[in-house]
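In: the amino acid sequence is not available; the structure is as follows:
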């Protein structure tokens, strides 16, 4: 049973293992690619699972082979057919697992499976994101034994069962980054309560180079800008580098920056679908391989545009707010998947934004 106790508090009552239905249907999984992370815990709890291949935002080639390979090392056997991954296992047994890439979701999947595995599991080349650390912290509150979260090597000592726990999740650093970018290009002074400097150090460093003033205080981050930004070169990298989720918003900012910027995408191929939409707004942008070359213009022009994914949608909102004239953005369902009341929050800061 899942129920909202308050607007920000979710209560989850886990059924007994024999009552758990280890199936994640297409209707559930289609909306978020990250939903593949249900595979690991289902295998740990039920020893079997049937999970629809993930949908969500299309950024190019993002296979789930890494997930299946890592979980196979723990004793799972998988088959893929008719759009579903089916898995079975007799028992999970801890192993030394080396991820070919520090994938956030693959690390999560192995972590959630291995806490209920027999013996010890080590995850080498693990993702270091704050969200991985937060998941490990919650699992520890539930009785799991996890060491090294936040480093490239995680060690998990399996346990027989987990206990209920109350946990407060960390602030959404991508939402905070979105507002930092918005303030940077629109100007003003905004206090972001709860935002964590230590979760966004590289982004903050880049935004300061662009001329945005960001100050850490006891409540979070204070962001100030006069609305004029300088060009900067940015490259996406695994954490603690600049996250690929930040890139569309950064490109929107640089589209009106003083000078020429080069933004390099090192993580996902094909994450450029929003570029054509920015060009419709008179942005001077071109792509060369996995590079985006942005020559800042004095002003963008309002236009009818379409959000192709969550972060691109947020970037287009920022671009529309700084543009001259009115813009209409379709595909807002993408934005709503990643943001809670983004339009209302921006409107509370003085933005002229309405939802049909």
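Out: Looks like it came in fine. Note that the structure is a prediction, hence the values are computed from the model and not measured.

In: how is the protein partitioned into domains?
Out: Annotated domains of the chain cover 2-157, 173-348 [automatic domain parsing].

In: now mean pLDDT too, for the ones you listed, in JSON lines please.
Out: Converted to JSON lines, these look like this (pLDDT from 0 to 100):
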{"stretch": "domain 2-157", "mean pLDDT": "92"}
{"stretch": "domain 173-348", "mean pLDDT": "97"}
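
In: put together JSON lines for the ones you listed, with distance to residue 356 on each row.
Out: For the C-beta atoms, the positions are set from N, CA and C on the backbone; glycine is no exception. As requested, the domains of the chain are exported to JSON lines (distance: least, CB to CB, whole Å):
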{"stretch": "domain 2-157", "distance to residue 356": "22"}
{"stretch": "domain 173-348", "distance to residue 356": "8"}
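
In: residues contacting the residue nearest the centre of the chain?
Out: Central residue of the chain (CA atoms, centre = their mean): residue 245, 6.1 Å from the mean position. If a contact means CB atoms under 8 Å, 6 or more residues apart in numbering, then residue 245 has 174, 177, 311 as its contacts.

In: can you show me the helices along this structure?
Out: With DSSP state H as the criterion, the chain has helices at 26-29, 39-46, 65-73, 104-114, 130-141, 173-186, 201-209, 247-254, 275-280, 310-322, 332-338, 342-348.

In: packing partners of the first one?
Out: Right, the one you point to is helix 26-29. For helix 26-29, the packing partners by 3 or more CB pairs under 8 Å, 6 or more residues apart in numbering; DSSP states H and E come out as strand 48-52.

In: distance from the chain centre to the strand it packs on, please.
Out: 23 Å (CA atoms, centre = their mean, to the nearest Å).

In: kindly report the same for stretch 249-260.
Out: 22 Å.

In: now it: buried residues?
Out: Buried residues in stretch 249-260, counted by 16 or more other CB atoms under 10 Å: 249-257.

In: likewise stretch 132-149?
Out: For stretch 132-149, the neighbour count (16+ other CB under 10 Å) marks 132-140, 144, 146, 149 as buried.

In: same question for stretch 94-112.
Out: For stretch 94-112, by 16+ other CB under 10 Å, it's 94-95, 97, 99, 102-112.

In: nearest to residue 304, of the helices of the chain?
Out: Between residue 304 and these, the shortest separation by CB to CB is 7.6 Å, and it involves helix 275-280.

In: what about the residue nearest to residue 95 when sequence neighbours are not counted, how many residues nearby?
Out: Spatial nearest neighbour of residue 95, chain neighbours left out: residue 73 (4.6 Å); criterion: CB to CB, 6 or more residues apart in numbering. Residues near residue 73, counting by other CB atoms under 10 Å, number 17.

In: right, and residue 73 touches residue 97 too?
Out: Yes. At 5.1 Å, residue 73 and residue 97 qualify as touching, with contact defined as CB atoms under 8 Å.

In: overlap in contacts, those two.
Out: In contact with both residue 73 and residue 97: no residue, using CB under 8 Å, 6+ apart.

In: related to what we said a few turns ago, of the contacts of residue 245 - the most surrounded one?
Out: residue 311 (27 neighbours).

In: for that residue, give me its contacts.
Out: Per CB under 8 Å, 6+ apart, neighbours of residue 311: 57, 174, 178, 245-249, 338.

In: and if you look at residue 17?
Out: 45-46.

In: that older thread, got the helices of the chain as a markdown table, with distance to residue 20 columns?
Out: Compiled in a markdown table, the helices of the chain are given as follows (distance: least, CB to CB, whole Å):
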| stretch | distance to residue 20 |
| --- | --- |
| helix 26-29 | 15 |
| helix 39-46 | 6 |
| helix 65-73 | 18 |
| helix 104-114 | 14 |
| helix 130-141 | 18 |
| helix 173-186 | 31 |
| helix 201-209 | 39 |
| helix 247-254 | 38 |
| helix 275-280 | 43 |
| helix 310-322 | 30 |
| helix 332-338 | 26 |
| helix 342-348 | 35 |
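
In: looking at those helices, which is nearest to residue 299?
Out: Among the helices of the chain, helix 310-322 comes nearest to residue 299, with 8.0 Å by CB to CB.

In: thinking again about what came up before, any chance of the contacts of residue 311 in a markdown table, with distance to residue 161 too?
Out: Shown next, in a markdown table, are these (distance: CB to CB, whole Å):
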| residue | distance to residue 161 |
| --- | --- |
| 57 | 35 |
| 174 | 33 |
| 178 | 39 |
| 245 | 34 |
| 246 | 38 |
| 247 | 41 |
| 248 | 42 |
| 249 | 42 |
| 338 | 33 |
